[in-house]
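> Take this sequence and fold it.
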Amino acid sequence: MRVGALPLSALTPTAPPTVTFTQTAIAPTTPPQTDTPPPSTATVTVTPAASSTSAPTPVAGARQIAFHSGAVDGAKFIHVANVDGSQVISLTAGISPAWSPDGSQLVFVSDLGGNLDIFLMNADGSAVTNLTQTPTNDDSPAWTPDGQFIIFSSMRDGNAELYQMRADGTDVVRLTRTPLVAEIQPAVSANGEIVYAALSVGVTQLWMMQADGSEARLLEVGGGNHKFPAWSPDATKLAFASDRTGTFELYELTLATGEVRQLTETGVQNGSPQYSPDGRYLLFDSNRDSNYEVYRLNLETLGVTQLTRSNRPIFNGDPSWRP
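Numbering: from 1, shown residues only. Below is the predicted model:
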């Protein structure tokens, strides 16, 4: 969930809006575009899930992507699409989709039950299951590498803390206990370590801890606010967004050396990076086109390809690769 980035109002479970997405390749601000974009003429219309039967074409080790889309201050819906942005399919009302490690399920956040809870569904949108049912908000779900557990942020004890539960919603365990710090946006590495954003005294920083919540430590990545941490598949690097230059740009931290590399230089907002299964690309969202859209970044060339383009003001974001 894009906590602190954009307001997320009621996700009413009504029929999703019809939105046209046109895939377009764009040049990055720096360096020059060298990524090979998918065909720029593909135009599709969001339709109910049952309308599409085409098989996804694997790219970067992924079969599909998921993201949420909707009015900036209104209802949002979970969509899936081919990795090139084509064949967009609307599944259900919700935000913050995350694929299970085997690609068979999506965990997501929705207010279908009245407040923000965490839900689970099959890849085709069937078998929607409410995993959390608390009177406060639960959000930011992230899978453990074995697919057995989900780490999430919750206000159930009066403060945003991190919790763990089984993938069926049972055996909830609290991992953090910091009444003056809000822990959000967890991500779990291949070896089980958890990185997350922590908001304290108006500043958001990145922290890391063991799978059981022990050995929490601050990551030194420079000044500014830092959000949306994401692990590389081999757990050697972290992508994140930082406003150290005034707007949120994407960066990559090499854990062994502490080196931080800037990935975007746009002067607008960029966030929610997610590594591809092969580690060669990032999905992310950005308002560089004056509207929040989903993009793909080549980590070798820093070339950027736009995957969604809306025909009216709308938010497309929080993308996730389907392995």
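
> Any stretches of the protein with poor pLDDT?
Scanning the chain for pLDDT under 70 picks out the ranges 1-58.

> For I89, give its distance to A81.
I89 sits 7 Å away from A81, going by C-beta to C-beta, to the nearest Å. Every residue, glycine included, has its C-beta placed from N, CA and C.

> Compare these two and say which is more crowded by neighbours.
A81 (25 against 21; other C-beta atoms under 10 Å).

> Ramachandran coordinates for the nearest residue to the more buried one once chain neighbours are set aside?
Leaving aside its chain neighbours, A81 sits nearest to V88 (4.5 Å; criterion: C-beta to C-beta, 6 or more residues apart in numbering). Here is the backbone geometry of V88 (degrees, to the nearest 10): phi -80, psi 130.

> since we're on V88, how many residues are nearby?
Close neighbours of V88, defined as other C-beta under 10 Å, add up to 24.

> same question, G202
Look at G202: counted by other C-beta under 10 Å, it has 6 neighbours.

> again, but for the one 10 residues further on
The tally of other residues near D212 (other C-beta under 10 Å) stands at 11.

> List the residues that contact it.
L175 (C-beta atoms under 8 Å, 6 or more residues apart in numbering).

> Now do the phi/psi pair for it.
Per-residue torsions, D212: phi -90, psi 0 (degrees, to the nearest 10).

> Next one: it relative to L180, how far apart?
Applying C-beta to C-beta to D212 and L180 gives a distance of 22 Å.

> With N137 instead?
On the measure of C-beta to C-beta, N137 and L180 end up 19 Å apart.

> Look at these two and report which has more neighbours.
For N137 versus L180, neighbours defined as other C-beta under 10 Å are more numerous around N137 (21 against 7).

> dump the residue contacts of the more buried one.
Going by C-beta under 8 Å, 6+ apart, N137 touches 115-116, 154-155.

> What's the separation between it and S96?
12 Å.

> CA atoms only: put stretch 111-121 into PDB for me.
Output in PDB follows, covering the C-alpha atoms of stretch 111-121 (Å, rounded to 0.1, in the frame of the first residue of the first chain):
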ATOM      1  CA  ASP A 111     -12.300  -2.600   2.300                       C
ATOM      2  CA  LEU A 112     -14.900  -5.100   1.100                       C
ATOM      3  CA  GLY A 113     -15.500  -5.900   4.800                       C
ATOM      4  CA  GLY A 114     -15.900  -2.200   5.800                       C
ATOM      5  CA  ASN A 115     -12.300  -1.300   6.700                       C
ATOM      6  CA  LEU A 116      -8.900  -2.200   5.100                       C
ATOM      7  CA  ASP A 117      -8.400  -6.000   5.500                       C
ATOM      8  CA  ILE A 118      -6.100  -8.400   3.800                       C
ATOM      9  CA  PHE A 119      -7.700 -10.800   1.200                       C
ATOM     10  CA  LEU A 120      -6.400 -13.800  -0.800                       C
ATOM     11  CA  MET A 121      -7.700 -14.900  -4.200                       C
END
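
> buried stuff in that stretch?
By neighbour count on 16 or more other C-beta atoms under 10 Å, the buried set for stretch 111-121 is 111-112, 116-121.

> Just put those in TSV and tack on secondary structure.
Output for these, formatted as TSV (DSSP: H, G, I helix; E, B strand; the rest coil):
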residue	secondary structure
D111	coil
L112	coil
L116	coil
D117	strand
I118	strand
F119	strand
L120	strand
M121	strand
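
> which residues touch S104?
122-123.

> at 10 Å what do you get?
S104 makes contact with 122-124, 147, 322-323 under the criterion C-beta atoms under 10 Å, 6 or more residues apart in numbering.

> With E252 instead?
Listed by C-beta under 10 Å, 6+ apart, the contact set of E252 reads 230, 232, 237-240, 259-263, 273, 275, 282, 299.

> thought Q185 was touching Q205?
No: if you go by C-beta atoms under 10 Å, Q185 and Q205 don't touch, sitting 11.6 Å apart.

> what about those two, which has more around it?
Neighbour count, other C-beta under 10 Å: between Q185 and Q205, Q185 has more, with 27 against 18.

> what about the nearest residue to that one once chain neighbours are set aside, helix or strand, and which?
Closest residue in space to Q185, ignoring its immediate chain neighbours: A197 at 4.5 Å, by C-beta to C-beta, 6+ apart. Element membership of A197 [criterion: DSSP states H and E] is strand 194-200.
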